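Student: Predicted model, plus sequence, below.
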Amino acid sequence: MTEGSFLTSARAGYDTIAVPYAQLFAAELEAKPLDRSTLTAFAEMVGGAGPVVEVGSGPGRVAAYLAKQGLDVSGVDLSPEMVALARRTYPGLRFEEGSMTALDRADGALAGLVAWYSIIHIPPALLPEVFAEFRRVLAPGGRLLLAFQVGDESLHRTEGFGHTFSLTFHRLLPERITELLERAGFVVDAQLVRAPDEREKVPQAHLLAHKPA
């Protein structure tokens, strides 16, 4: 998949807000036990099977949490500013620039892949191609974890965190994502939809899946 304007826009937007975004969400997982439990379950399912990549890793907090659970995890993000920030914050982990649409990994190289609120910037029509890429890089039996906001609408923001930018967010229906994953060759193992907390406006979904052996 060649880079589209949605990737260029996402890169520029997160470059602009990297520092205030990281500050706002630095301790987010501490207040979200259900989110932590999903990440912990994913880590236990992967175990020591091999390397894991978080795509759209941002400032690195989720990758760092997974590393604490014992995973060999690295992060990939579109934004050079986010990657630089993650490297400074978590010098013991690996972070690199890249896109989930064309991952720099060999076929079957990964035991696990996490997209924690990052597929929300992919136009829904292109998700089948992204899920095919996820399947390509996962080894047989490899685990996949997705998190996203629930809904069927797209939102465009042009300002926030004291800056102007252009970012589009796509809310997604769990049943539709399950269907797309199954079409891509995944088996969906679990689905959690939790109520929004005080910062959130809509329910949040977590999906755990695997590539059949």
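Tutor: Okay, I see it. Predicted model, so just to flag it, every value in this text is computed and none were measured. Numbering: from 1, shown residues only.

Student: Before we move on, what's the pLDDT of residue 151?
Tutor: Note for residue 151: predicted pLDDT of 98.

Student: Same question for residue 3.
Tutor: Residue 3 is assigned a predicted lDDT (pLDDT) of 53.

Student: Just the endpoints, please. Distance across stretch 112-125?
Tutor: This stretch, stretch 112-125, spans 24 Å end to end (C-alpha to C-alpha, to the nearest Å).

Student: Might you calculate how far that stretch sits from the centre of the chain?
Tutor: Stretch 112-125 sits 5 Å away from the centroid of its parent chain (C-alpha atoms, centre = their mean, to the nearest Å).

Student: again, but for stretch 112-131
Tutor: 8 Å.

Student: For that stretch, buried residues please.
Tutor: 112-122, 124, 127, 130-131 (16 or more other C-beta atoms under 10 Å). All C-beta atoms are positioned from the backbone trio N, CA, C, and that covers glycine.

Student: Restricted to strands, list these.
Tutor: Counted as lying in strands by DSSP state E, out of these, are 112-116.

Student: I'd like those as JSON lines, with pLDDT and distance to residue 159 appended.
Tutor: Below are these laid out as JSON lines (pLDDT from 0 to 100; distance: C-beta to C-beta, whole Å):
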{"residue": "112", "pLDDT": "98", "distance to residue 159": "36"}
{"residue": "113", "pLDDT": "99", "distance to residue 159": "32"}
{"residue": "114", "pLDDT": "98", "distance to residue 159": "29"}
{"residue": "115", "pLDDT": "98", "distance to residue 159": "26"}
{"residue": "116", "pLDDT": "98", "distance to residue 159": "24"}
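
Student: what's the farthest-apart pair in those?
Tutor: For these, the maximum inter-member distance is 12.2 Å, found between 112 and 116 (C-beta to C-beta).

Student: Find residues that contact each of those two.
Tutor: residue 145 (C-beta atoms under 8 Å, 6 or more residues apart in numbering).

Student: Tell me where the longest strand sits in the chain.
Tutor: Secondary structure of the chain per DSSP E: the longest strand is strand 138-149.

Student: Give the pairing partners of it; include direction for each.
Tutor: Here strand 138-149 has these sheet partners by DSSP bridges: strand 110-116 (parallel), strand 204-210 (antiparallel).

Student: and the last one, what's its mean pLDDT?
Tutor: Along strand 204-210, the predicted local confidence has a mean pLDDT of 98.

Student: same question, stretch 154-164
Tutor: What stretch 154-164 shows for mean pLDDT is 90.

Student: before we move on, back to that, could you list every helix and strand that whatever helix or strand comes next after the longest strand of the chain packs against?
Tutor: Next helix or strand after strand 138-149 toward the C-terminus (DSSP states H and E): strand 154-160. Strand 154-160 sits against strand 163-170, with contacts defined as 3 or more C-beta pairs under 8 Å, 6 or more residues apart in numbering; DSSP states H and E.
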